[in-house]
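*Asks:* okay, sequence plus prediction incoming.
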Amino acid sequence: QVQLVESGGGLVQPGGSLRLSCAVSGFPLDDVAIGWFRQAPGKEREGVSCISRSHDIRYYGDSVKGRFTISRDNAENTVYLQMNKLKPEDTAVYYCAADKVDFGCWLDGHEYDYWGQGTQVTVST
């Protein structure tokens, strides 16, 4: 059974940091590209970051470039999203998703085959 489970969300003050984890089970992590997405209330889903199967391609949304870093540990079947210098506008539910693609990765959620349930990130004083 394919399962993606996000963790690491929470409440943080502006300027703070969080690290999200996406634990993948049901298939080897190196079979898929992984994307992180977020959705705030009343807003459309936004592509945050993605990483290819071979680690060599990583993309970031314009709103998080220079602040967020995506990484993967295939041995642990886990993908991470390190989020620094958080802003109130980063508040959203964050989802990870898996795409069975041979090369590259995408910030378009429609490309992805499997999704986690999400973890809430709230940036506030």
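*Replies:* Sure thing, it's come through. Residues are numbered from 1 along each chain as shown.
*Asks:* how near is G26 to L20?
*Replies:* The gap separating G26 from L20 is 20 Å, by C-beta to C-beta, to the nearest Å. (Glycine included, C-beta is placed from N, CA and C.)
*Asks:* quick one, which of those two is more surrounded?
*Replies:* L20 (24 against 11; other C-beta atoms under 10 Å).
*Asks:* quick check: the more buried one touching Q120?
*Replies:* No - under the criterion of C-beta atoms under 8 Å, L20 makes no contact with Q120, lying 10.7 Å away.
*Asks:* now for the two: what residues contact both?
*Replies:* 9, 94 (C-beta atoms under 8 Å, 6 or more residues apart in numbering).
*Asks:* which residues in this structure form strands?
*Replies:* Under the criterion DSSP state E, strands of the chain are mapped to 3-7, 10-12, 18-25, 33-39, 46-51, 58-60, 68-73, 78-83, 92-99, 114-115, 119-123.
*Asks:* tabulate those strands (JSON lines), appending mean pLDDT and distance to L107.
*Replies:* Output for the strands of the chain, formatted as JSON lines (pLDDT from 0 to 100; distance: least, C-beta to C-beta, whole Å):
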{"stretch": "strand 3-7", "mean pLDDT": "97", "distance to L107": "17"}
{"stretch": "strand 10-12", "mean pLDDT": "98", "distance to L107": "24"}
{"stretch": "strand 18-25", "mean pLDDT": "97", "distance to L107": "16"}
{"stretch": "strand 33-39", "mean pLDDT": "97", "distance to L107": "7"}
{"stretch": "strand 46-51", "mean pLDDT": "97", "distance to L107": "3"}
{"stretch": "strand 58-60", "mean pLDDT": "97", "distance to L107": "6"}
{"stretch": "strand 68-73", "mean pLDDT": "96", "distance to L107": "11"}
{"stretch": "strand 78-83", "mean pLDDT": "98", "distance to L107": "13"}
{"stretch": "strand 92-99", "mean pLDDT": "97", "distance to L107": "11"}
{"stretch": "strand 114-115", "mean pLDDT": "96", "distance to L107": "15"}
{"stretch": "strand 119-123", "mean pLDDT": "98", "distance to L107": "18"}
